[in-house]
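# need a 3D model of the following:
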Amino acid sequence: MKSSLSDLVCGIRRTLLAVVALAGLTSSWSVQAQEKTLTLALARSAITPGEETFTYAVPKQMGWFKREGLNVNLIKTNGSTAALQAVASGSADIAYASSLNIAAAVDKGVPVKAFAGLTVQWPYFIGVPPGSPIKKVSDLKGKRVGDISLASASYADIRANLKLAGLKETDVTIVPVGAGARAAAALKAREVDAVDSYSDSFTVMKQNGVDLTLLPRPAQLEKLFSVTMVTSAAALKAQPELLARFARAAYQGIIYTRLHPDAALKLSFQEFPELAGSNNVQSVEAKNTLEAMKIALDDSIPSGGSDPKTWGDWLNLDAGRWEALLAFAHDTGQTDRLLTPAQVWDGSLMKTIFSFDRSKLN
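The predicted structure is shown next:
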């Protein structure tokens, strides 16, 4: 009798364990079945210590995309215009593109929409070698000016600077030279007299022995912001929740990197071993990569913002910021029409995107 009872208990126990195991396996299958794939288009042809580190490498390595039910792939493109083309064609779901390029695309009838902020600063400058006779933008007449590519935001920045200085594009020779080390090599070889690039690119140039003097830029540029998350109008209508999940994980990456830059660097090295210094985190190259990453991060956070708890919904770009940008785009010939914020920006997902607990990132 005791043996029969014991056998019954053991049988029940085995059955329960089997049920629990099956439930766990079913749950795992369910998660895998629900995981959605998104493709992100980066407006660069090479990996840098820029936003791809803190908004892609960090959340991916931390498992935050997976927690959001996402499998995110990354493709590289040759600038903002190319990244926007990837979204418009359906080969990417989301792009990181310059706000000016987004406005120009909408003006031409391309069905894209910015849906989440990524930068709050305008990171582009024109730099010249120390001792150069070029002291202001108008001095560029007859000179060779390097840009990242003719599909990049740096090209738009050059055109804007020239127009505000009373010059035409034909008054200079624009030479695509890439960014960072490639741009530094072009300057060393005297292939260009000046170069237009973004803040962390200038940091990499300095690390490669080219320390440039940045020309004063027009006051209008101080009101602008650059890289913004953009998607197709169709994707925004069809899969808003997926877009919000992506941006939520990316924003947590920004905060985590601000609070834990050394840990974020290691995560970036794991995702992108091609970054300089990845084989030795104590090396000079790794320290240079960290410095460049921090400078890039500064473009995505409020000025002087040391405590993320005080930032508010800092990347929810208000209508005033967009109005200033769109007026600038029209005044400098980037768009034929004076667009309204509603034509370019849809902030309806921002409340959902910011629905996470920042204290858990400390």
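
# mind listing what the residue nearest the centre of the chain touches?
In the chain, the centroid-proximal residue (CA atoms, centre = their mean) is E51; its distance is 4.0 Å. By CB atoms under 8 Å, 6 or more residues apart in numbering, the contact set of E51 is 96, 118-119, 227, 296, 300. In this view, the C-beta of every residue, glycine as well, is placed from N, C-alpha and C.

# repeat the analysis, applying 10 Å as the threshold.
42-44, 57, 96, 118-119, 200, 226-227, 229, 250, 253-254, 293, 296-297, 299-300 (CB atoms under 10 Å, 6 or more residues apart in numbering).

# likewise V106?
The contact partners of V106, taken as CB under 10 Å, 6+ apart, are 84, 112-114, 230, 233, 326, 329, 335, 337, 339, 343-345.

# what strand or helix carries it?
Element membership of V106, judged by DSSP states H and E, is helix 99-107.

# and that helix, how far from the chain's centre?
16 Å (CA atoms, centre = their mean, to the nearest Å).

# look up how far V128 lies from K143.
K143 sits 9 Å away from V128, going by CB to CB, to the nearest Å.

# quick check: neighbours shared by these two?
134, 192-194.

# quick check, L167 in a strand?
No: counting by DSSP: H, G, I helix; E, B strand; the rest coil, one finds L167 to be coil, located in no strand.

# report the separation between it and I174.
With distances taken as CB to CB, L167 is found 12 Å from I174.

# list residues touching both of these two?
Residues touching both L167 and I174 by CB under 10 Å, 6+ apart: R159.

# on that earlier part again, for the shared contacts of K143 and V128, which two are the farthest from each other?
Spatially, the most separated pair among the shared contacts of K143 and V128 is I134 and V192, at 11.2 Å (CB to CB).

# neighbour count for those two, which is higher?
Per other CB atoms under 10 Å, whichever of I134 and V192 has more neighbours is V192, with 22 against 19.

# quick check, the more buried one in contact with G178.
No: applying CB atoms under 10 Å, one finds V192 not in contact with G178, separated by 11.2 Å.

# could you pull out the residues contacting both of those two?
With CB under 10 Å, 6+ apart as the test, V192 and G178 both reach 146-147, 186.

# so which residues of the stretch 1-150 of the chain form strands?
For the stretch 1-150 of the chain, strands defined by DSSP state E, counting those that start in this stretch occupy the ranges 36-42, 70-76, 94-98, 112-117, 124-128, 144-147.
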